[in-house]
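Enquirer: When you get a sec, could you give me coordinates for this:
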Amino acid sequence: MPRRTDRARPHASPPLPPFERLGVLSAAAAVALALACTLGAYGYHRDELYFRMLRPAWGYTDQPPLTPLIVHGISRIWDTVEAIRVPPLLLAVASVIVVALIAREAGGSRAAQALAAWGYGFGAFTLLPGHVFLTSSVDLVVWPLVVLAVVRAQLRGEPRWWLLAGLVAGLSLYNKLLVAVLIAAIGLGLLVVGPRRVLLSPWALGALGLAVLIGVPNLVYQVVNGFPQLALGAALSADNAGSVRAEAIPFLALLIGPPLVPFWVAGLVVLIRRPALRPIRFLAVSLLIAVVFVVVAGTQFYYEYGLLAAVFAIGCVPVAEFARTRARRILVVAAVALTGAVNILISLPVVPVDVLGATPIPVIDQAARDQVGWPRYVAQVEGVARRAPAGAVVFASNYGEAGALERFAPALHTYADHNALQAYGPPPSGTRSMVVVGYEFDTVRPLFASCAVEARLDDGVGVDNEEQGAPVAVCTRPLVSMATFWNRAAHLG
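Expert: Sure thing, here's the model as predicted:
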């Protein structure tokens, strides 16, 4: 009897179908068009204003340097919201192609690849960070690309692809340390359901070593500065944990869209049941681990999105097989089209801002309400500052307010003690009066002999965001030094 030589790959890999250029690239083009048509519709997001004002550095209290560096650099060349949003548009478009390639690696036909591209491309949380430049905009590409490399390594018997996964993960550490959750989820998935031998393979270990080596400078920054992102995570958890833990599981249905939940559920099923996908069945466990992390950490709803996108892409394989009859094809296409239409309405600024406040969109989409009102708010602060005593400085309660004031009223001397802005130091020691903006007024008021509210912020369109109705006060005769004031007012979140 001849010796068996394929012990490392007891199950035949699914055949690699041709790449569906028309379906996938048309989906990518459609996403690009939707994002391009809405680039600057409402205005800057608070995070974009924050990134714009952060000075280039090796790292910050609340994040690694990459996204702030890109936004800051663009704003020094072409200082418009449209320019800042070109990179997230490109990242979203690239992620559509990567997700379609995951479906192809799992044996997905041309139809499956097209479904993956159109369904994911117009997913709610693809469009949102594709429109606004957030740290999660980079994650749109990073997480699926890491998964694609791992899937190819496992299904095609090409272990060198593990090194690409390590390279991408290592570079991603300069955008967000969250990629460590993806690495851990993949490792634990392999440990739970196998193939466990991969964990000790030189390729997987080399990928892990490469990621750590590339990320060492960023990790050193965390160590030297006392792991500031752990403190930030604790602050976010303290603020968000209750709502996140209660709503994390239902929110899974909204990330891509409720009509397409059966797609990623089908992905979980085929990962567990199909022998050909046995080498990557750990992805089902990895997604579960990522969801558990979101619930336990209680920070942000969307952290598992990259893994969910990959499982969704794999689920498009059986969905395309299901849609062989005309009636079923109509049903599947209708689900994708309905999801895309609703997500465009919710995730992109297509509703006129004048009527936005009368719709449920600001309640559903925090990013929408965080783009509204900044120039008007700044004009209101400027009005109070003109009436304040000579030499008054401006103190903003959060980084969004500080970023807006720096963008639209750079002549004002603005300070904020929120997150990374704490490092820029307090107002001058001789400060005798201050215009205080926002809800940190309650913290600041006891530190002055006199405070009077002079105005309330109003965006003029009835959108209830974090600033709407916030006080603008003039405080005089500080009772403590500016250094003490700075320590008392400091906060994370």
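Enquirer: Quick check: which element contains residue 467?
Expert: Remark: residue 467 resides in no helix or strand, with elements defined by DSSP states H and E.
Enquirer: and it, how many neighbours?
Expert: Per other CB atoms under 10 Å, the neighbour tally for residue 467 reads 28. The way it works is simple: take the backbone N, C-alpha and C, and place the C-beta from them, glycine included.
Enquirer: Just give the closest residue to it, not the sequence neighbours.
Expert: Nearest residue to residue 467, sequence neighbours excluded (CB to CB, 6 or more residues apart in numbering): residue 457, at 4.9 Å.
Enquirer: tell me the contacts of the one you found?
Expert: The contact partners of residue 457, taken as CB atoms under 8 Å, 6 or more residues apart in numbering, are 373, 377, 380-381, 437-438, 467-472.
Enquirer: Just put these in CSV and tack on distance to residue 200 and secondary structure.
Expert: Formatted as CSV, the contacts of residue 457 follow (distance: CB to CB, whole Å; DSSP: H, G, I helix; E, B strand; the rest coil):
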residue, distance to residue 200, secondary structure
373, 55, coil
377, 56, helix
380, 62, helix
381, 59, helix
437, 56, strand
438, 53, coil
467, 53, coil
468, 56, coil
469, 58, coil
470, 56, coil
471, 60, strand
472, 61, strand
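Enquirer: which of those residues sit farthest apart?
Expert: Spanning the widest gap among these are 373 and 471, at 15.3 Å by CB to CB.
Enquirer: May I have the predicted confidence score for the residue nearest to residue 467?
Expert: At residue 457, the predicted lDDT confidence score is 97.
Enquirer: returning to that earlier point: need the buried ones from the contacts of residue 457 selected in PyMOL.
Expert: Those of the contacts of residue 457 that count as buried under 16 or more other CB atoms under 10 Å are selected in PyMOL with:
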select buried, resi 373+377+380+381+437+438+467+468+470+471+472
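Enquirer: Among the contacts of residue 457, which one sits closest to residue 422?
Expert: Of all these, residue 438 has the smallest distance to residue 422: 15.7 Å, by CB to CB.
Enquirer: got the contact list for the residue nearest to the spatial centre of the chain?
Expert: Closest to where the C-alpha atoms of the chain average out (CA atoms, centre = their mean) is residue 136, at 2.3 Å. By CB under 8 Å, 6+ apart, the contact list for residue 136 reads 125, 129, 176, 302, 305.
Enquirer: Now rank these by neighbours and give me the top one.
Expert: The most crowded member of the contacts of residue 136, judged by other CB under 10 Å, is residue 305 (27 neighbours).
Enquirer: before we move on, the earlier item: mind listing which of the contacts of residue 136 are in strands?
Expert: Assigned to strands by DSSP state E, none of the contacts of residue 136 qualify.
Enquirer: now, which of those residues sits nearest residue 340?
Expert: Distances from residue 340 to the contacts of residue 136, taken by CB to CB, are shortest for residue 125, at 13.1 Å.
Enquirer: who's in contact with that closest one?
Expert: If you count contacts by CB under 8 Å, 6+ apart, residue 125 has them with 136, 255-256, 302, 305, 347.
Enquirer: least confident pick among those?
Expert: Within the set of these, pLDDT is lowest for residue 302 (84).
Enquirer: wait, residue 464 sits on residue 369?
Expert: Yes: applying CB atoms under 8 Å, one finds residue 464 in contact with residue 369, separated by 6.9 Å.
Enquirer: Pull up the overlap in contacts between these two.
Expert: Overlap of the contact sets of residue 464 and residue 369 (by CB under 8 Å, 6+ apart) consists of residue 362.
Enquirer: quick one: which of the two has more around it?
Expert: When neighbours are counted by other CB under 10 Å, residue 464 and residue 369 differ, and residue 369 comes out ahead with 24 against 13.
Enquirer: Correct me if wrong: that one contacts residue 362.
Expert: Yes: applying CB under 8 Å, one finds residue 369 in contact with residue 362, separated by 4.1 Å.
Enquirer: which residues do those two both contact?
Expert: The contact sets of residue 369 and residue 362 overlap at 463-465 (CB under 8 Å, 6+ apart).
Enquirer: Out of those, which comes closest to residue 87?
Expert: For the shared contacts of residue 369 and residue 362, the nearest to residue 87 is residue 465 (24.5 Å; CB to CB).
Enquirer: Distance check, the residue nearest to the centre of the chain against residue 325.
Expert: Using CB to CB, to the nearest Å, we find residue 136 at a distance of 38 Å from residue 325.
Enquirer: And for residue 337?
Expert: Distance of residue 337 to residue 325, computed by CB to CB: 18 Å.
Enquirer: Then residue 285?
Expert: Computed as CB to CB, the residue 285 to residue 325 distance reads 33 Å.
Enquirer: cool, and residue 138?
Expert: 41 Å.
Enquirer: Which helix or strand contains residue 331?
Expert: Using DSSP H and E, residue 331 falls within helix 326-347.
Enquirer: packing partners for that helix?
Expert: Here helix 326-347 touches helix 110-121, helix 124-131, helix 305-322, helix 361-364, going by 3 or more CB pairs under 8 Å, 6 or more residues apart in numbering; DSSP states H and E.
Enquirer: what's in contact with that helix?
Expert: With CB under 8 Å, 6+ apart, helix 326-347 has contacts from 34, 115, 118-119, 121-125, 127-128, 131, 256-260, 319-320, 322-323, 350-351, 361, 364-365, 367-368.
Enquirer: Could you identify the buried members of those?
Expert: Among the contacts of helix 326-347, those classed as buried by 16+ other CB under 10 Å are 34, 115, 118-119, 121-125, 127-128, 131, 256-257, 259-260, 319-320, 323, 351, 361, 365, 367-368.
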